[in-house]
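A.B. asks: only geometry, no sequence info:
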């Protein structure tokens, strides 16, 4: 039986980026949805920055067909950099390369069939090895003072095991999420941490054990791979990561962490637009002008 607590540092993060992004067609016909920009950075760039700020050292991208733009984004663009250098555009030059991870710290592997999140994570098993790791879904952006994954790693250092990023959702929306069945008898000194006694993937509101939903942030033990090896398709005919994590309950700790911050579902059109507004308002150089533009937009639309 695995130990609930693990002394091992979380050094690696998996980014499942093999999805088709059909909600954003035709924009995603030839461009990965993870490369859609929020203000001036693509979604995957924000996810990378969050992982790096949390102390992640190895970045593993599980890609699919037509995802070459993601690989190119995390590589040098010598032609562009040469042009910017010749024109003495120092600021722009820094934006192309100063943030790049060190050579050998980025890996790419293919999810050859779209078989679900659990399958995508399983595809990274040989790159993870026998150590705990994080999973970040670029679709889920969390605007917070302290990066969401960093908050979760601090919780992991306290309780070990497996940590899921969670938030409360309206009861009528439980059918869109994995829902935590909370062990109310468990006590934690950090009120943001809850112990799970079960997980239910996309339950109908009448069947939901709570309204505490799992979002796209996970810290997992490598034991999950042996479960995913044999995992059968679940909800939606896909191999669900939630089902595999649920199988670990009772063998090792599984906790939910109520993170601080606001989550934007950038897998939806409305959430993506809202994230662009929210992140542009966070920047001092754009805040006032964006507010003025939005006032004009609302006025023209007959809104206050």
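C.D. replies: Happy to help now that I have it. Every value quoted in this text rests on a predicted model; they were computed, and no experiment measured them. Residues are numbered from 1 along each chain as shown.

A.B. asks: Quick check: residue 40 vs residue 112, distance?
C.D. replies: 33 Å (Cβ to Cβ, to the nearest Å). Backbone N, C-alpha and C define where each C-beta goes, glycine included.

A.B. asks: ugh, typo on my part, it should be residue 62
C.D. replies: 10 Å.

A.B. asks: quick one: which of these two has more around it?
C.D. replies: The neighbour count for residue 62 versus residue 112, taken as other Cβ atoms under 10 Å, is higher for residue 62 (24 against 11).

A.B. asks: Am I right that the more buried one sits in a strand?
C.D. replies: Yes - looking at residue 62 with DSSP: H, G, I helix; E, B strand; the rest coil, it is inside a strand.

A.B. asks: so where is this protein shaky, pLDDT-wise?
C.D. replies: 1-7, 235-236 (pLDDT under 70).

A.B. asks: all helices in it, in order from the N-terminus.
C.D. replies: With helices called from DSSP state H, the chain shows them at 43-53, 68-73, 78-86, 90-97, 117-122, 125-128, 148-159, 223-230, 241-248, 269-281, 287-300.

A.B. asks: I'd say residue 219 and residue 154 touch.
C.D. replies: No - the criterion here is Cβ atoms under 8 Å, and residue 219 misses it with residue 154 at 10.6 Å.

A.B. asks: Test my guess that residue 71 contacts residue 108.
C.D. replies: Yes - look at residue 71 against residue 108 with Cβ under 8 Å: they come within range, at 5.8 Å.

A.B. asks: Give the residues shared as contacts by the two.
C.D. replies: Common neighbours of residue 71 and residue 108 (criterion: Cβ atoms under 8 Å, 6 or more residues apart in numbering): 61, 63.

A.B. asks: Who has more neighbours out of the two?
C.D. replies: Neighbour count, other Cβ under 10 Å: between residue 71 and residue 108, residue 108 has more, with 17 against 13.

A.B. asks: Now the phi/psi pair for residue 177, please.
C.D. replies: Taking degrees, to the nearest 10, you get phi -140, psi 160 for the backbone angles of residue 177.

A.B. asks: Settle this for me: residue 17 is touching residue 32, isn't it.
C.D. replies: Yes - using Cβ under 8 Å, residue 17 is in contact with residue 32, at 6.6 Å.

A.B. asks: Now for these two: what residues contact both?
C.D. replies: With Cβ under 8 Å, 6+ apart, residue 17 and residue 32 have common neighbours 44, 67, 70.

A.B. asks: Report the buried residues of stretch 18-30.
C.D. replies: Neighbour-count burial for stretch 18-30, counted by 16 or more other Cβ atoms under 10 Å, picks out 18, 19, 21, 24, 28.

A.B. asks: if you count what's nearby, which of residue 219 and residue 154 comes out ahead?
C.D. replies: residue 219 (25 against 14).

A.B. asks: Please name the nearest non-neighbouring residue to that one.
C.D. replies: Using Cβ to Cβ, 6 or more residues apart in numbering and skipping residues adjacent in sequence, the residue nearest residue 219 is residue 163, 4.2 Å away.

A.B. asks: got the contact list for that neighbour?
C.D. replies: Residue 163 neighbours (Cβ under 8 Å, 6+ apart): 152, 155, 156, 218, 219, 255, 256, 257.

A.B. asks: run the last query once more with 6 Å
C.D. replies: 152, 155, 156, 219, 255, 257 (Cβ atoms under 6 Å, 6 or more residues apart in numbering).

A.B. asks: Please tabulate these in JSON lines, including the columns distance to residue 185.
C.D. replies: Below are the contacts of residue 163 laid out as JSON lines (distance: Cβ to Cβ, whole Å):
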{"residue": "152", "distance to residue 185": "23"}
{"residue": "155", "distance to residue 185": "19"}
{"residue": "156", "distance to residue 185": "22"}
{"residue": "219", "distance to residue 185": "23"}
{"residue": "255", "distance to residue 185": "14"}
{"residue": "257", "distance to residue 185": "19"}
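
A.B. asks: Just confirm residue 228 contacts residue 244, I think it does.
C.D. replies: Yes - at 5.1 Å, residue 228 counts as touching residue 244 under the criterion of Cβ atoms under 6 Å.

A.B. asks: Find the residues that touch each one of these two.
C.D. replies: residue 118.

A.B. asks: Of the two, which one has the most company?
C.D. replies: Set residue 228 next to residue 244 and count neighbours by other Cβ under 10 Å: residue 244 wins out with 25 against 22.

A.B. asks: State the distance from that one to residue 273.
C.D. replies: If you go by Cβ to Cβ, the gap between residue 244 and residue 273 works out to 33 Å.
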